[in-house]
Every structure is written in structure tokens, then in C-alpha cells.
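**Q** Sharing a model prediction with you, sequence too.
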Amino acid sequence: MKRRVLLLTILMFVLPVGACHLIDRAEPPAVPIGESISLAIPLGLPAAPAAFEANGNRLTASGVALGRRLFFERELSSDRTISCASCHQPERLFTDGLPAAKGVGGQTGKRNTPGVVNAVYWSRQFWDGRAADLEEQAGGPIANPIEMNLPHEVAIGRLAADPGYRRQFETVFGPGPITMARVVRAIAVYERTLLSGNSPFDRYHYAGEKGAMSAAAIRGLEVFRNPAKGNCAQCHTIGERASLLTDGLFHNLGTGM
């Protein structure tokens, strides 16, 4: 059963600026050359077609395939033991279920792993919102010393040494060297296909399927929406036609102070 992934907006710790390792925007973006594909948007999610091709990074079948391969690629960590999927595990809704993420050598970070399901709709990435989009986010963990701990130039060298990767990158982006801009754009395209909707709530609320939710769940929904009771929907907003169950903003809840 598909479940909703909520974007929690609680700031827990502040990482040093040097740990961000965001992508240099001065590097020219690579534009996919293949034919665009469309996605079937699950019930309850906004259509938002523009979000799926942000930054001119069009969805192509070859781009998604390359991005998926990179997402599971352990060569992108210094000791070849960690990939994006090590923390964003598909069987755990692309999280790891841990209080804090673990990187190379068993190092433990300061925050837990955010999910990437439905992340295409988020206006900012990372718990603190320091990345503007999925492209900017994707390169950070690769170079972060307590995550994958691999300098970008070394990562590019490893990929370029693989003839299969060279062929795939050329298929997706056309002639030219493998660059970090191309790497993160491929990963971002794959991540934009990770969608979850059609939940019992979606079927109940948007499709009018009254038997989709139990009586207890319906009572809970009333508390969730009632301003005099739970008032959860003030931030975890429920739209008339679709919703992400979040307003996408950052709130000072007074926790951890």
C-alpha cells in the first residue's frame, strides 16, 4: 500500500558551510537530447508538468535509466560501499529508517535521511532548504566527508573510466565529456519519477471512495482538519483537487531550543 511521505519542516542542526558541496552553477548545463516522456501522475498529486522539466532538464527514457544507475552506483563513494540508495532505500520509501544517516566508514551524520518521494514538487531541498532544486542537491552527499566522501573530480574520473558510462552519457546528453553537471541532472531526472499517491486518503477525499478509509481514520481526519482540535491542516494543507500534505514552508515550532 502506498503511503504519503510528509515533508517535515523542523530544523534540527546546522551543518558547517563547508559541508554543503553544492554544484557550481557556472558550469554550463547539459540538455538531454532524447525525446521527452510523460509520467502518469497518481491520484492526489498536482499535475505540475513544469516541475518535471525544471531547469530545462527534460525527462527522457535514457536519462531516467542513467540517473537510476547513478543513484545505485557505489563507485560514487570513496570506499565504494555507499550509494545514494544506501540511505534512500526503495523498500523504506527512499529513506533508511535511522535516526541519523550513516556514511562511509560508519560515520553518523547529524540529521536523518529525508525521503525523495514526491520531491519534484518541493521548492527547496535538504532539511534546511539550502539547495534550490534536485540538481543542486544531488552533488552534495557525494563530496560530503561524512557521507560519500568523494571529491567531484574523482567521481568524474571513475565514471569516465567506464566505457558503458561514457556511452550512456553520450546517449543522454550528446557528445562531450562526463561532467558533474551531467551527473546531477541525470540523478535529478530519475528522482523526479519517484511519485507516490493514490493512497486511501486520496481515494476517499479526491475520488469519493467512501470505503477507502476506516471509520477510525475518518475520525482522525476530522481532528486533523478541525481548527479547534488538531489543526494539523494549517501547515499540512489539503487542497481541493490535490495536495502534498505540506505547505512547503519552514516554521519555528519552538523545538530543540
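**A** Received it, and whenever you're ready, just let me know what you need.
**Q** Helices along the stretch 151-257 of the chain, start to end?
**A** 152-160, 163-173, 180-191, 200-205, 215-225 (DSSP state H, counting those that start in this stretch).
**Q** most packed of those helices?
**A** Mean neighbours per residue, mean count of other CB atoms under 10 Å, is largest over the helices of the stretch 151-257 of the chain for helix 180-191, with a mean of 25. For glycine as for every other residue, the C-beta is placed from the backbone atoms N, C-alpha and C.
**Q** got the angle between that one and helix 152-160?
**A** 70 degrees (axes from the mean of the first three to the mean of the last three CA atoms, to 10 degrees).
**Q** And the average pLDDT for helix 180-191 is what?
**A** Throughout helix 180-191, pLDDT has a mean value of 96.
**Q** Tell me which other helices or strands it touches.
**A** Helices and strands touching helix 180-191, by 3 or more CB pairs under 8 Å, 6 or more residues apart in numbering; DSSP states H and E, are helix 61-71, helix 134-138, helix 152-160, helix 163-173.
**Q** swap the cut-off to 6 Å and go again
**A** Under the contact definition 3 or more CB pairs under 6 Å, 6 or more residues apart in numbering; DSSP states H and E, helix 180-191 sits against helix 61-71, helix 134-138.
**Q** which helices and strands does the first one pack with?
**A** Right, helix 61-71. Against helix 61-71 (3+ CB pairs under 6 Å, 6+ apart) you get helix 163-173, helix 180-191.
**Q** I'd like those helices laid out as TSV, including distance to T60.
**A** As requested, the helices and strands packed on helix 61-71 are exported to TSV (distance: least, CB to CB, whole Å):
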stretch	distance to T60
helix 163-173	7
helix 180-191	7
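**Q** Tell me which of those lies nearest to V64.
**A** Between V64 and those, the tightest spacing by CB to CB is seen for helix 180-191, at 5.3 Å.
**Q** got the angle between the closest one and helix 61-71?
**A** 100 degrees.
**Q** So, low pLDDT: which residues of the chain?
**A** 1-29, 257 (pLDDT under 70).
**Q** distance between stretch 177-193 and the chain's centre?
**A** For stretch 177-193, the separation from the chain centroid amounts to 13 Å (computed by CA atoms, centre = their mean, to the nearest Å).
**Q** With stretch 195-211 instead?
**A** Distance, centroid of stretch 195-211 to centroid of chain: 23 Å (CA atoms, centre = their mean).
**Q** Span of that stretch from start to end?
**A** The first and last residues of stretch 195-211 sit 24 Å apart, counting by CA to CA, to the nearest Å.
**Q** swap in stretch 150-164?
**A** OK, stretch 150-164 end separation, CA to CA: 21 Å.
**Q** So what touches that stretch?
**A** Under the contact criterion CB atoms under 6 Å, 6 or more residues apart in numbering, stretch 150-164 has outside partners E75, L76, S77, S78, I142, A143, Y165, I178, M180.
**Q** Of these, which count as buried by neighbour count?
**A** L76, S77, S78, I142, A143, Y165, I178, M180 (16 or more other CB atoms under 10 Å).
**Q** Next, format the contacts of stretch 150-164 as TSV and append distance to P32.
**A** As requested, the contacts of stretch 150-164 are exported to TSV (distance: CB to CB, whole Å):
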residue	distance to P32
E75	22
L76	20
S77	26
S78	29
I142	21
A143	24
Y165	16
I178	14
M180	16
